[in-house]
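S.K.: Have a look; sequence and predicted model below, questions after that.
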Amino acid sequence: MRYTALNMRRALSALQPTNVLHIGNLFGALLPMVEAQKEFETFLFVVDYHAITVPQDPEKLRQSILFATAAYLAAGIDPKRTHMFQQSMVSQHTELAWILSCVAHMGELERMTQFKDKSAKQKTEGTSVGLFTYPILMAADILLYDTAVVPVGEDQKQHVELARDLAERFNKRFGKTFTIPEPRIQKMGARIMGLDDPSKKMSKSAESPKNFISLMDEPGVIRKKIMSAVTDSGSTIAFDAKRPAISNLITIMSLVSKRSVQAIENDYEGKGYGDFKKDLAELLVLYLQPLQAEINGYLANQDALVKILQKGAKEAEVIAQAKMQIVRKQIGVR
């Protein structure tokens, strides 16, 4: 039986299917939704249609969908408390995206930072229209469920703001239809930076695997990556905005150990980077081992993962279809 409460506000988050998830995904996306389950009626899904804005190998994509699902569950998502599903299983997402694309303006999409960054890498001839309209589909994902809160990292805040603008424009043109969502950005962990370049966010698409700690990295790999992580020219273990490299590593230690930055600074007063990095590496190894075991356990029963997604999709579709009946009537096609 689903855990809900009358008039409980809704929170929504999503994760692109990939065979690599890193600690930035864990602390920035997965764990915040585990906490959100306690406060909201939650919607959590694997955005496979977002994934195909760039070329994908079909079989690898299928496996990545299951891996993302297993990672959600291992992190603590409870399918009895959260509507957990696969985006493509609920056709109303793409239907609403088309309607919203007729409300959105070209200039809004051209200003999207992620589109500008990704299209610059792919060049014009290699950039899909889907990559350009990606934020509209994300807006549809959010608005379809009258979402009140969207936990996101700083890099996705602009997309939530677009969803707000489209909802307000639609409501003004056709009458009150959509809830205006609010982005929720956590104070720590929302933006973990790359180990090889602390000026850029940790990314699974980075050129070097030294950029991130994968959730599935083996102990030896974790130790090697942490020991080779970029550090600043200073020598003290202290959090300082002017020293992003060591500050990033301190943030990671704080998240993994659940200890304050101040406590960590006190522990390493008079100590060097070597001691700090060794301890951080061991903390990460111990932190990730049980999570890895949980993920592998779920992946050993892929049929069960598919059933969880199908069940969640049926639940979500009931809500999505009811919303689309209202939207269709508002725009005059019903």
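M.R.: Received, thanks. What you see is a predicted model; the values in this text were computed from it and never measured.
S.K.: Show me how the record splits the protein into domains.
M.R.: Residue ranges for the structural domains of the chain, counted by automatic domain parsing, are given in the record as 10-184+302-331, 209-295.
S.K.: which one of these is the most hemmed in?
M.R.: Ranked by mean neighbour count under mean count of other CB atoms under 10 Å, the domains of the chain are led by domain 10-184+302-331, which reaches a mean of 18. Glycine gets a C-beta too; all of them are placed from N, C-alpha and C.
S.K.: Identify the residues contacting His50.
M.R.: Contacts for His50 were tallied using CB atoms under 8 Å, 6 or more residues apart in numbering; they are Ala14, Gln16, Gln87, Tyr134, Leu137, Met138.
S.K.: which residues does the third one contact?
M.R.: Put plainly, it is Gln87. Going by CB under 8 Å, 6+ apart, Gln87 touches Ala14, Phe45, Val46, Val47, Asp48, Tyr49, His50, His93, Asp141.
S.K.: For my notes, please list those residues in TSV and give secondary structure and pLDDT for each entry.
M.R.: What follows is the contacts of Gln87, written out as TSV (DSSP: H, G, I helix; E, B strand; the rest coil; pLDDT from 0 to 100):
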residue	secondary structure	pLDDT
Ala14	strand	92
Phe45	strand	94
Val46	strand	95
Val47	coil	95
Asp48	helix	96
Tyr49	helix	96
His50	helix	93
His93	helix	98
Asp141	helix	97
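S.K.: Strands of this structure, residue ranges please.
M.R.: Defined through DSSP state E, the strands belonging to the chain, from first to last, are 10-15, 41-46, 82-86, 149-151, 182-184.
S.K.: which residues are in contact with the fourth one?
M.R.: So the one you mean is strand 149-151. By CB under 8 Å, 6+ apart, the surrounding residues in contact with strand 149-151 are 9-13, 29, 32-33, 36, 40, 142, 160, 163, 181-186.
S.K.: now do the last one
M.R.: Strand 182-184 is contacted from outside by Ala11, Pro32, Ala148, Val149, Val150, Pro151, Val152, Gln156, Lys157, Val160, Glu161, using CB under 8 Å, 6+ apart.
S.K.: confidence score at the second one?
M.R.: Among the per-residue scores, Pro32 shows a pLDDT of 88.
S.K.: thought it was touching Ala11?
M.R.: No. Taking contact to mean CB atoms under 8 Å, the distance of 9.0 Å between Pro32 and Ala11 leaves them out of contact.
S.K.: remind me, longest helix of the protein?
M.R.: helix 302-331 (DSSP state H).
S.K.: Against Thr127, how distant is Lys176?
M.R.: Taking CB to CB, to the nearest Å as the criterion, Lys176 is separated from Thr127 by 36 Å.
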